[in-house]
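Trainee: Okay, here's the prediction I keep looking at, along with the sequence it came from:
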Amino acid sequence: MKAKVIRYHRFGAPCSVLQVEEKQVIEPAPGELLVRMSARPINPSDLIPVRGAYPHRTMLPAVPGFEGVGIVEAVGPGVSNQMLGRRVLPLRGENTWQEVVKTSARHAIIVPDDIGDSSASQIYINPITAWLICTQVLNLTSENTLLVNAAGSAIGRIFAQLAKFIGFRMIALTRNDHHSADLYHLGADAVVNTSNEPLKERIAALTGERGADAAVDCIGGYDGEQLAGCLRVNGIIISIGLLSGVTPLWHEISRETQVQVKLFWLKQWVERCSERDWEQVFQDVMELIGAGRLVMADVGAIYELTDVYRAISKAESGIKGKVLLKS
C-alpha cells in the first residue's frame with residue numbers, strides 16, 4: 001500500500017521546498033499501530049524547521065507536522081484489536097503531514113467522543129505546552145503575574161484560558177488591538193498593545209512597580225529581549241518559540257538583568273517523562289476541553305493534504321482561526 005506524504009529535502013521557504021510524494025506503507029511492528037490521518041493543523045512550529053531554524057535537530061529528508069488526529073487502521077503483534085477503528089492522536093512517532101502515520105501503541109492517545117476532530121487535532125502542541133509551563137515549570141498560583149507575547153496566537157489564547165482556570169494574572173502583549181476583546185473574554189487580566197505603549201513603563205504600572213513574576217516568549221529577537229526589563233529580580237523568561245527567526249542573546253540578557261531564562265522544548269519533556277505523567281497530562285487537558293473550560297482555535301479554512309501550498313499561504317495570510325489539512 002502506498003500513501004501520500006509531504007517531504008522536504010532541503011531547508012527554505014515552505015512553498016519552495018515542500019514536495020508531495022508517495023511512500024510505501026510498512027506494516028506495523030510489534031507494539032506499533034498505523035493511523036490513517038483525518039486532520040492536522042498548520043502551526044508556526046511546523047514551518048519554522050522547514051525554513052532551517054533548527055538544522056542541527058532536523059534530519060533531512062523530513063516530514064512536517066507535529067500533531068493531528070486519525071483512525072487506527074492496523075495494529076502490530078501485541079496490540080489489542082480493540083484499538084482498530086479508534087480515534088487517536090498518533091504521537092511520539094512519525095510526523096503528521098502524511099496520509100498514514102506509524103507510532104507506538106503506548107504513545108497513541110485515545111480521543112473521547114465528545115471532542116471533535118478539529119479540536120482533537122490541536123490538543124498536543126499548544127495546550128500541552130501551556131499546561132506544562134503553568135503547572136510544572138512555573139507552578140503558577142493566584143499570587144503570580146505572567147506576561148505572554150504574541151498573545152493573539154493560538155497558544156496565547158490557551159494561556160489566557162488557563163489564567164482564568166488556575167487563577168494567575170496574565171498580561172497579554174500584542175502588536176495591535178485586533179485580539180484585545182477576545183483575550184479579555186478568555187481570561188487575560190490586561191492587554192498591552194506594544195505598538196502604542198512603552199512596554200516597560202506599562203508593565204511597571206500594572207504591577208505596582210514590582211514587575212511580573214514570569215514571561216513566556218513566543219517571538220524571540222527584540223520582542224523577547226524586551227521582556228527581561230519587565231520582570232522582577234530573579235523573574236523567569238520561558239522561551240518557547242522563534243517567530244522572529246532571531247535567537248536572543250539570552251546569556252548576556254540574564255547576566256545584565258538578573259532574570260532567569262529557560263528554554264522549553266516540548267520534545268524534551270516528551271523524551272524524559274514517564275508513561276504515567278504522559279497519560280495524566282493528556283487526561284487533565286482533555287477533561288478541560290471536554291468540559292468546555294478550554295476551547296481550541298476555530299477553524300479558519302480546510303484544505304486537502306495535497307493542496308499544501310495553498311493551505312500554507314492561507315495560514316500565513318493572517319486568517320483568523322486554524323487552517324487544517326484534511327485527508
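Mentor: Good, I have the coordinates.

Trainee: all contacts plus neighbour counts: C-alpha atoms, from now on.
Mentor: OK.

Trainee: all strands for the stretch 151-300 of the chain, in order.
Mentor: 169-174, 190-193, 212-217, 231-239, 260-263, 299-304 (DSSP state E, counting those that start in this stretch).

Trainee: To residue 124, which of these lies closest?
Mentor: strand 299-304 (16.2 Å; CA to CA).

Trainee: after the closest one, next one along is what?
Mentor: As assigned by DSSP states H and E, the chain's next helix or strand after strand 299-304 is helix 308-315.

Trainee: can you list contacts of that following helix?
Mentor: 14, 15, 42, 301, 302, 303, 322, 323, 324, 325 (CA atoms under 8 Å, 6 or more residues apart in numbering).

Trainee: now swap in stretch 43-52 and tell me
Mentor: Applying CA under 8 Å, 6+ apart, the external contacts of stretch 43-52 come out as 8, 10-14, 54-55, 58, 64-66, 241-243, 245.

Trainee: How far does it stretch from one end to the other?
Mentor: End-to-end distance of stretch 43-52: 16 Å, with CA to CA, to the nearest Å as the criterion.

Trainee: and if you look at stretch 238-256?
Mentor: One end of stretch 238-256 sits 17 Å from the other (CA to CA).

Trainee: quick one: average confidence on it?
Mentor: The average pLDDT within stretch 238-256 is 87.

Trainee: Buried ones in it, by neighbour count?
Mentor: Across stretch 238-256, burial judged by 16 or more other CA atoms under 10 Å covers 238, 239, 240, 241, 242, 243, 247, 248, 250, 253, 254.

Trainee: what about the first one, distance to residue 215?
Mentor: When you say that, I think you mean residue 238. 6 Å.

Trainee: repeat for the third one
Mentor: Plainly put, residue 240 is 10 Å away from residue 215 if you go by CA to CA.

Trainee: can you tell me which residues contact residue 279?
Mentor: Counting by CA under 8 Å, 6+ apart, residue 279 touches residue 109.

Trainee: Over to residue 273?
Mentor: Counted by CA under 8 Å, 6+ apart, residue 273 has zero contacts.

Trainee: Mark out where each domain of the protein begins and ends.
Mentor: 2-123+296-326, 126-267 (automatic domain parsing).

Trainee: and the end-to-end length of the last one?
Mentor: Domain 126-267 has an end-to-end distance of 12 Å (criterion: CA to CA).

Trainee: and if you look at stretch 236-247?
Mentor: 17 Å.

Trainee: got the contact list for that stretch?
Mentor: 44-45, 48, 53, 213-221, 227-228, 259-265.

Trainee: you'd agree residue 22 is in a helix?
Mentor: No - counting by DSSP: H, G, I helix; E, B strand; the rest coil, residue 22 is not found in a helix; it is strand.

Trainee: neighbours of it, just the number please.
Mentor: For residue 22, the count of nearby residues is 14 (other CA atoms under 10 Å).

Trainee: Next: residue 125.
Mentor: Neighbours of residue 125 under the rule other CA under 10 Å: 18.

Trainee: That one contacts residue 68, doesn't it?
Mentor: No - if you go by CA atoms under 8 Å, residue 125 and residue 68 don't touch, sitting 9.8 Å apart.

Trainee: Backbone dihedrals for residue 7, please?
Mentor: Dihedral pair for residue 7: phi -130, psi 160, per degrees, to the nearest 10.

Trainee: do you know how far the closest residue in space to residue 55 that isn't next to it in sequence is from residue 254?
Mentor: What sits nearest to residue 55 in space, not counting adjacent residues and going by CA to CA, 6 or more residues apart in numbering, is residue 49, at 7.3 Å. For residue 49, the distance to residue 254 (CA to CA) stands at 26 Å.
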